[in-house]
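Peer 1: here is a sequence with its predicted model. Questions after.
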Amino acid sequence: MTIPEVFFIDLLTIVGLFVIISMSLNLEFGYAGVPNFGKLLAVAGGAFFVGAVPGRIMMFILSPGSGLDFVQNNIEAVMLLNQVFASDALASIIYLVFSLVGAAVAGGVLGYVASYPAIRLRGDYLAITLLAMAEILRVIADNWPEFIGGSMGVRIPDPFRWVGGETRALAVAVTILAVVAIVFVYLELVLRSPLGRALRAMRDEELSAEVYGKDVARLRTKTLMVGCAIAAVGGALYSFLTASVSARDFNRVTHTFWPWVMVIVGGAGNNVGALVGAGIFVTLRKFITFYKSYFEPFVPFDVVWLEYLLLGLALIVVLLYRPEGLVPERPTKTLRRKELLEIAERVRSEASSK
């Protein structure tokens, strides 16, 4: 592959990962009004599941008599599994699908745990509590060697090993974009349903939603479970991209604050806005990282901080001039325009005949 092709594939891959995380946050905050500042909890939870469970299960199935512990003998175990995956595409696909489904389940469980404070707390208190829960999970994983290797982390089997060569990067990108499409369609269908309208009602005026018979506590629980499940899939895909899992690869800046910036810039309450925000943010960051050395003679500080400065400035400009985001939320039409016009015409005719 040429350098531009590698750059473009890498860009699409990273954009896809953050689109998944941003859409999950948009479901929680943009539609349901839950300020989930613990996004790291679900993203890291999905990755930690991939690092802790599927490899051990595959070792038990494919090599029960090897006597290798997946964490203690990590390199040998991963090499053994990669040899199997290199020659067996079906086993690789089963491993990949099982890992993603398992990560989604793990994320849903973490979302259910996170829903307990979400039922009782609101606003800043809820945001700080969820942020603390995410940090607790990260600290546990970083200091518990038997889980995912502690601070050293673990390598994981590569489900794209059978593809091989330069095509692997393309296969990873296509897989991630396929998941993006599935998540996008799923969320669009959900949010155009009565459930989606109930979420917006809860976001806009919780008391009114309760008056009309909506179980707000249950809605918040379901929203966090689904949002965390989707974000956990994003974390699992990131682990497969790097073929390793380490608690130190996940932090609140990258996996909590950046998705918030993406949703705010793109436009909350709009899946297209989350997609646009993630695309613009990741693309700008890539270009800043690539070209920042050219600015070194012109800035009075280390160019390492130029990325944060310019991205922060872009966020401030958007908040000042487009506080609703680049793609504002639009009313969801439950009927087609033609049907709405027919109903309006019928109502007008009935009113004029009286």
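Peer 2: Nice, I can see it. Residues are numbered from 1 along each chain as shown.

Peer 1: so Ala268 belongs to a strand, correct?
Peer 2: No. Assignment of Ala268 by DSSP: H, G, I helix; E, B strand; the rest coil gives coil, placing it outside any strand.

Peer 1: check contacts around it.
Peer 2: Applying CB atoms under 8 Å, 6 or more residues apart in numbering to Ala268 gives the contacts Asn26, Phe29, Gly30, Gly325, Glu329. For every residue, glycine as well, the C-beta is placed using N, CA and C.

Peer 1: next: Ala169.
Peer 2: Contact partners of Ala169, counting by CB under 8 Å, 6+ apart, are Met1, Val6, Ile9, Asp10, Thr13.

Peer 1: and the buried ones among those, selectable in PyMOL?
Peer 2: The PyMOL command for the buried members of these (criterion: 16 or more other CB atoms under 10 Å) is given here:
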select buried, resi 9+13
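
Peer 1: distance of the closest residue to Glu206 other than its chain neighbours from Ile119?
Peer 2: Excluding the flanking residues, the one nearest Glu206 by CB to CB, 6 or more residues apart in numbering is Val216, at 5.7 Å. In this view, Val216 and Ile119 are 8 Å apart by CB to CB, to the nearest Å.

Peer 1: between those two, what contacts are shared?
Peer 2: Overlap of the contact sets of Val216 and Ile119 (by CB under 8 Å, 6+ apart) is empty.

Peer 1: may I have the secondary structure class of Ile280?
Peer 2: Put simply, Ile280 is helix when judged by three-state DSSP.

Peer 1: ok, it touching Val265?
Peer 2: Yes. Ile280 lies in contact with Val265 (CB atoms under 8 Å); the separation is 6.4 Å.

Peer 1: any idea of the mean pLDDT for stretch 322-339?
Peer 2: Mean pLDDT, computed over stretch 322-339, is 76.

Peer 1: which helix of this protein spans the most residues?
Peer 2: For the chain, the helix that runs over the most residues, judged by DSSP state H, is helix 89-120.

Peer 1: contacts only, for Met23.
Peer 2: Contacts of Met23 by CB under 8 Å, 6+ apart are Val183, Phe184, Leu187, Ile230, Asn271, Ala274, Leu275.

Peer 1: surely the first one touches Ile20?
Peer 2: Yes. Val183 sits in contact with Ile20 when judged by CB under 8 Å, with a separation of 5.8 Å.

Peer 1: any shared contact partners between the two?
Peer 2: Common contact partners of Val183 and Ile20 (CB under 8 Å, 6+ apart): Ile230, Val233.

Peer 1: more crowded one of those two?
Peer 2: Ile20 (27 against 20; other CB atoms under 10 Å).

Peer 1: check which helix or strand covers the more buried one.
Peer 2: Per DSSP states H and E: Ile20 is located in helix 3-25.

Peer 1: give the next helix or strand downstream of that helix.
Peer 2: Next element after helix 3-25 (DSSP H and E): helix 39-52.

Peer 1: quick one: the helix holding Ile20 to helix 89-120, angle?
Peer 2: Helix 3-25 and helix 89-120 are oriented at 40 degrees to each other (axes from the mean of the first three to the mean of the last three CA atoms, to 10 degrees).

Peer 1: C-alpha coordinates for helix 3-25, PDB please?
Peer 2: Written as PDB, here are the backbone C-alpha positions of helix 3-25 (Å, rounded to 0.1, in the frame of the first residue of the first chain):
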ATOM      1  CA  ILE A   3       1.500   6.100   2.200                       C
ATOM      2  CA  PRO A   4      -1.800   7.900   1.400                       C
ATOM      3  CA  GLU A   5      -3.700   4.600   1.300                       C
ATOM      4  CA  VAL A   6      -2.300   3.600   4.700                       C
ATOM      5  CA  PHE A   7      -3.100   7.100   6.100                       C
ATOM      6  CA  PHE A   8      -6.700   7.000   4.700                       C
ATOM      7  CA  ILE A   9      -7.400   3.400   6.000                       C
ATOM      8  CA  ASP A  10      -6.000   4.300   9.500                       C
ATOM      9  CA  LEU A  11      -8.100   7.500   9.500                       C
ATOM     10  CA  LEU A  12     -11.300   5.600   8.600                       C
ATOM     11  CA  THR A  13     -10.500   3.000  11.300                       C
ATOM     12  CA  ILE A  14     -10.100   5.500  14.100                       C
ATOM     13  CA  VAL A  15     -13.100   7.600  12.900                       C
ATOM     14  CA  GLY A  16     -15.200   4.400  13.000                       C
ATOM     15  CA  LEU A  17     -14.100   3.600  16.500                       C
ATOM     16  CA  PHE A  18     -15.000   7.000  17.800                       C
ATOM     17  CA  VAL A  19     -18.300   7.100  15.900                       C
ATOM     18  CA  ILE A  20     -19.400   4.000  17.800                       C
ATOM     19  CA  ILE A  21     -18.500   5.500  21.100                       C
ATOM     20  CA  SER A  22     -19.900   8.900  20.200                       C
ATOM     21  CA  MET A  23     -23.200   7.400  19.100                       C
ATOM     22  CA  SER A  24     -23.500   5.500  22.400                       C
ATOM     23  CA  LEU A  25     -22.900   8.800  24.300                       C
END
